[in-house]
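In: Sequence below, structure please.
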Amino acid sequence: MAASQIGRGAWSWALYEAARNPYVLLCSIYVMAPYIATTVIGDPVLGQTLISGWHKTAGLLVAISAPFLGAAMDRMGRRKPFLGVVTIAMAVAFFAQWWAMPGGQGLPLWGVGLVVVFCGVMFSWSEVAHNAMLTTAAKPEALGHVSGLGLALGNAASVLLLVFVLFAFALPGVMQLPFVPEAPLFGLDPAAYEPNRIVGPLCALWLAIFALPLFFYTRDLDTTGERFGDAMRHGVGKVVRTIVKLRDHRNVALFLVARMLYADGKTAILIFSGVYAAGVMGWDLLEMLTLGVVTTAFGVIGGLSGGHLDSWLGPKRAVAIEIGVTFVCLLIMVSMTPTEMFFVVPVAEDASVWNGPLFQSPPEMAYLLTTCVIAISISAAYASSRTLMARLSPAGMEGELFGLYALSGAATVWLGPLLVEHFTETYQSQRAGFAAITILLVMGLALLVFVKPPLERASSDAQAPH
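Out: Here you go, the predicted structure:
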């Protein structure tokens with residue numbers, strides 16, 4: 001479909017994804033979270049424990065609210081007023097992370113945690129409302145294209161801001177290059193960690209600017225006049241009735257549970273990979289931003305490769321392979337330290353594989369390459385899982401079942417952070433906490449084995465494990 005066939009309202013809807021998504025990469029994964037763990041908290045192990053606890057709390061709040069909130073909005077009709085309030089709240093909370101400072105300055109640690117939890121909940125609520133507007137933003141024949149456009153713009157915006165922070169704040173004063181300023185822009189002081197802290201206000205400003213078109217140009221439903229309390233009560237009943245229907249579709253139910261587990265594991269890898277790399281590998285802002293740019297680019301490759309793997313092997317086999325690759329890569333990642341590879345191979349402190357400015361040692365280079373592969377496998381698994389869900393859904397139930405698909409993504413989003421928190425605190429080890437995510441991958445893969453392949457693939461999947 002040509003871009004000219006996508007209307008202004010649809011473009012505005014997709015642009016909201018670009019407005020919101022950079023927060024995940026800049027704050028939740030590669031810059032702010034590692035900075036909070038290693039500098040504000042000052043202890044990587046305690047930092048990983050506390051941050052995983054914050055994400056666990058946010059996940060629990062989302063799990064008990066988001067599904068019913070979506071059902072309530074369906075009954076009330078209009079989504080813009082709610083989305084507008086949530087967007088303003090997100091922008092304020094993003095900006096507040098500027099005051100996450102070490103040494104007792106700025107926000108107290110409990111305040112930093114409260115802001116992170118609040119951001120997580122508001123981000124998920126905005127996703128519920130934003131996704132619900134897709135059917136009014138785009139024509140039926142363009143839904144898939146507009147949804148893909150939103151993901152593409154979100155990835156593009158994230159990479160753009162990562163590169164901007166890298167060249168405007170991280171490289172100046174560190175690396176002498178013709179196109180790099182001599183000092184961080186806007187007079188930011190590296191000694192006060194301002195190049196790290198600036199990502200919060202930067203995400204807030206970006207959100208405020210690029211969210212606006214949706215509120216001006218994207219069509220909304222008319223209000224039904226139903227009050228929020230009544231809508232929530234009826235929404236809960238609708239969700240429960242849909243879940244009860246799964247008794248007649250046990251194969252779909254089995255896949256939803258399997259996907260709930262392995263998807264939560266993959267999400268946990270994304271959330272904690274930055275904190276882990278900063279604490280164990282000792283990487284700072286420059287390395288973390290470079291890691292973010294590289295892995296995001298490889299994630300795009302994964303989204304494209306997932307479709308090809310689906311066509312070649314069928315979606316069930318594709319998902320199984322992608323989970324397996326993620327599992328192996330995660331084990332390799334936790335096997336690396338600055339002085340050790342694969343748990344048992346010692347590495348000299350001055351060992352290097354090249355004379356470049358970054359990732360010089362063998363463990364660093366191996367870790368970087370492994371994260372590129374895991375980015376591909378995680379993105380491909382998300383794409384393949386959607387395909388498998390669509391192929392497993394009985395005709396006429398696609399809408400309801402994809403609603404449960406979204407519910408399964410929220411129901412245990414707290415489980416990965418819970419495992420990371422428990423194992424990190426119990427063993428006082430970031431490696432133990434990060435490795436605990438393998439439990440979710442193994443459980444999800446084990447259940448996937450018993451999912452019957454889609455009927456139209458039955459002949460080609462005859463040899464697949466059942």
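
In: Give the buried residues for the helix or strand hosting Phe255.
Out: For Phe255, the host element (DSSP states H and E) is helix 250-276. Judged by neighbour count (16 or more other Cβ atoms under 10 Å), helix 250-276 contains these buried residues: 252-276. Heads up, the C-betas are built off the backbone N, CA and C, glycines and all.

In: Distance from it to the middle of the chain?
Out: Using Cα atoms, centre = their mean, to the nearest Å, the mean C-alpha position of helix 250-276 is found 11 Å from that of the whole chain.

In: now stretch 176-190
Out: A distance of 30 Å separates the centroid of the chain from that of stretch 176-190, by Cα atoms, centre = their mean.

In: Tabulate the CA atom coordinates of it in PDB.
Out: Below are the C-alpha coordinates for stretch 176-190, written out as PDB (Å, rounded to 0.1, in the frame of the first residue of the first chain):
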ATOM      1  CA  GLN A 176      38.100  13.800  19.200                       C
ATOM      2  CA  LEU A 177      36.300  13.600  15.800                       C
ATOM      3  CA  PRO A 178      35.600  16.400  13.300                       C
ATOM      4  CA  PHE A 179      31.800  16.100  13.600                       C
ATOM      5  CA  VAL A 180      31.700  15.800  17.400                       C
ATOM      6  CA  PRO A 181      31.500  19.000  19.600                       C
ATOM      7  CA  GLU A 182      34.400  19.700  22.000                       C
ATOM      8  CA  ALA A 183      32.100  19.600  25.000                       C
ATOM      9  CA  PRO A 184      28.500  18.300  25.700                       C
ATOM     10  CA  LEU A 185      25.900  20.500  24.200                       C
ATOM     11  CA  PHE A 186      23.900  23.000  26.300                       C
ATOM     12  CA  GLY A 187      26.700  23.100  28.800                       C
ATOM     13  CA  LEU A 188      25.900  19.800  30.400                       C
ATOM     14  CA  ASP A 189      28.300  18.800  33.100                       C
ATOM     15  CA  PRO A 190      29.600  15.200  32.900                       C
END
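
In: which parts of that stretch are buried?
Out: By neighbour count with 16+ other Cβ under 10 Å, stretch 176-190 contains the buried residues Val180, Pro184, Leu188, Pro190.

In: Mind jotting down where the strands sit in the protein?
Out: 340-341, 345-346 (DSSP state E).

In: May I see the ones you listed organised as CSV, with distance to Leu153 added?
Out: Below are the strands of the chain laid out as CSV (distance: least, Cβ to Cβ, whole Å):
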stretch, distance to Leu153
strand 340-341, 38
strand 345-346, 42
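
In: hey, which of those is tucked in deepest?
Out: Sort those by mean neighbour count, taking mean count of other Cβ atoms under 10 Å, and strand 340-341 sits at the top with a mean of 16.

In: for this protein, what's the longest helix?
Out: If you go by DSSP state H, the chain has its longest helix at helix 362-392.

In: Return the set of buried residues in it.
Out: 362-368, 370-389, 391-392.

In: quick one: average confidence on it?
Out: Regarding helix 362-392, the rounded mean pLDDT is 87.

In: Quick one: list the elements packing against that helix.
Out: helix 250-276, helix 285-313, helix 315-334, strand 340-341, helix 398-411 (3 or more Cβ pairs under 8 Å, 6 or more residues apart in numbering; DSSP states H and E).

In: The same query, at a cut-off of 10 Å, please.
Out: Applying 3 or more Cβ pairs under 10 Å, 6 or more residues apart in numbering; DSSP states H and E, one finds that helix 362-392 contacts helix 143-165, helix 250-276, helix 285-313, helix 315-334, strand 340-341, helix 398-411, helix 438-448.

In: Which parts of the chain belong to which domain?
Out: What automatic domain parsing lists as the domains of the chain is 8-243, 249-466.

In: Quote the end-to-end distance of the longest one.
Out: End-to-end distance for domain 8-243: 36 Å, by Cα to Cα, to the nearest Å.

In: so where's the stretch 51-200 of the chain uncertain?
Out: Residue ranges of the stretch 51-200 of the chain with pLDDT under 70: 67, 70-71, 74-75, 77, 143-144, 148.

In: Let me see the ranges of the helices in the stretch 101-250 of the chain.
Out: 109-132, 134-137, 143-165, 194-197, 199-210, 212-217, 228-245, 250-276 (DSSP state H, counting those that start in this stretch).

In: Chain neighbours aside, what residue packs nearest to Leu60?
Out: Nearest non-adjacent residue to Leu60, counting by Cβ to Cβ, 6 or more residues apart in numbering: Trp414, 4.6 Å away.

In: Phi, psi for the one you found please.
Out: Note on Trp414: its backbone torsions stand at phi -90, psi -20 [degrees, to the nearest 10].

In: and the helix holding Phe255 with helix 228-245, angle?
Out: 120 degrees (axes from the mean of the first three to the mean of the last three Cα atoms, to 10 degrees).

In: tilt between helix 250-276 and helix 438-448?
Out: Using the same axes, to 10 degrees, helix 250-276 lies at 160 degrees relative to helix 438-448.

In: quick one: Ala93 and Ser126 touch, right?
Out: No. Taking Cβ atoms under 10 Å as the definition, Ala93 is not a contact partner of Ser126, at 11.4 Å.

In: And Val112, how far from Val40?
Out: 7 Å (Cβ to Cβ, to the nearest Å).

In: Please enumerate the shared neighbours of the two.
Out: Contact criterion Cβ atoms under 10 Å, 6 or more residues apart in numbering; residues shared by Val112 and Val40: Met32, Leu50, Ala100, Met101, Gly106.

In: so who does the closest residue to Arg259 other than its chain neighbours touch?
Out: The shortest distance from Arg259 to any non-neighbouring residue, by Cβ to Cβ, 6+ apart, is to Ser385 (5.5 Å). Ser385 makes contacts with 255, 258-259, 262-263, 266, 306, 315, 318-319, 322-323, 405, 409, 448, as judged by Cβ under 10 Å, 6+ apart.

In: tell me the least confident of those?
Out: Among these, Gly306 has the lowest pLDDT, at 65.

In: Can you give me the neighbour number for Pro357?
Out: Using other Cβ atoms under 10 Å, Pro357 has 13 neighbouring residues.

In: same question, Gln360
Out: Neighbours of Gln360 under the rule other Cβ under 10 Å: 14.

In: Local confidence estimate at the residue lying closest to it once chain neighbours are set aside?
Out: If the residues on either side of it in the chain are set aside, Gln360 comes closest to Ser352, at 4.3 Å by Cβ to Cβ, 6+ apart. Predicted confidence (pLDDT) for Ser352: 87.

In: For the closest residue to Thr371 other than its chain neighbours, give me its contacts.
Out: Counting by Cβ to Cβ, 6+ apart, Thr371 lies nearest to Thr295, which is 5.2 Å off, once chain neighbours are set aside. By Cβ under 10 Å, 6+ apart, the contact set of Thr295 is 25, 29-30, 162, 270, 273-274, 302, 368, 371-376, 378-379.

In: and what of Phe123?
Out: Contacts of Phe123 by Cβ under 10 Å, 6+ apart are Arg20, Asn21, Tyr23, Val24, Cys27, Ser28, Ala58, Val62, Val86, Met90, Ala93, Phe94.
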